[in-house]
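Novice: turn this into a model:
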Amino acid sequence: MADALRIEADGPWTVEVTGLADAVVLDGHAEREASDVLRHEGGPAIAQLRHTGTARSADGGYFLADVFEPDGSGFLDQLANHVGPWSGEVPLSGPCLLYARSDGPWSISVRPVGGQA
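Specialist: As a prediction, this is how the structure comes out:
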């Protein structure tokens, strides 16, 4: 866990620090306006990710999505690292934490693999 934070911004900003238990549970589908952490409590799945981009950025904005152990202790996988609007399907381990960094709206839809419910 980090003991310090560096924030660089050209305008107003806010930091909200909460525990992992406060992360929103990803229950099939989620839409977010910017960076966020979600908890996937299911098993292995296919994730449909979509970043709509942002008009505030000449290149359409960034979208990065990483997967971590459920307790946040270790990195598992990178799901996305794109600039501009993007959509794609990727395998998602489970259970896990999904940490998405984005300067524009994004969404994720999850469907279990192997006939799991």
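Novice: who are the packing partners of the longest strand anywhere in the chain?
Specialist: Identified as the longest strand of the chain according to DSSP state E is strand 75-83. Under the contact definition 3 or more CB pairs under 8 Å, 6 or more residues apart in numbering; DSSP states H and E, strand 75-83 sits against strand 45-51, strand 62-68, strand 86-92, strand 96-102. All C-beta atoms are positioned from the backbone trio N, CA, C, and that covers glycine.
Novice: swap in 7 Å and give it another go.
Specialist: strand 45-51, strand 62-68, strand 86-92 (3 or more CB pairs under 7 Å, 6 or more residues apart in numbering; DSSP states H and E).
Novice: please name every helix or strand in contact with the last one.
Specialist: Strand 86-92 sits against strand 45-51, strand 75-83, with contacts defined as 3+ CB pairs under 7 Å, 6+ apart.
Novice: reformat these into TSV and put mean neighbour count next to each item.
Specialist: Output for the helices and strands packed on strand 86-92, formatted as TSV (neighbours: other CB atoms under 10 Å):
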stretch	mean neighbour count
strand 45-51	20
strand 75-83	15
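Novice: residues in contact with A65?
Specialist: For A65, the contact set (CB atoms under 7 Å, 6 or more residues apart in numbering) comprises 49, 79-80, 98, 100.
Novice: distance of A21 from H29?
Specialist: 21 Å (CB to CB, to the nearest Å).
Novice: those two - which one has more neighbours?
Specialist: H29 (11 against 6; other CB atoms under 10 Å).
Novice: for the more buried one, what are phi and psi?
Specialist: phi -150, psi 140 (degrees, to the nearest 10).
Novice: the nearest residue to it once chain neighbours are set aside: which element?
Specialist: Leaving aside its chain neighbours, H29 sits nearest to S109 (4.6 Å; criterion: CB to CB, 6 or more residues apart in numbering). Using DSSP states H and E, S109 maps to strand 106-112.
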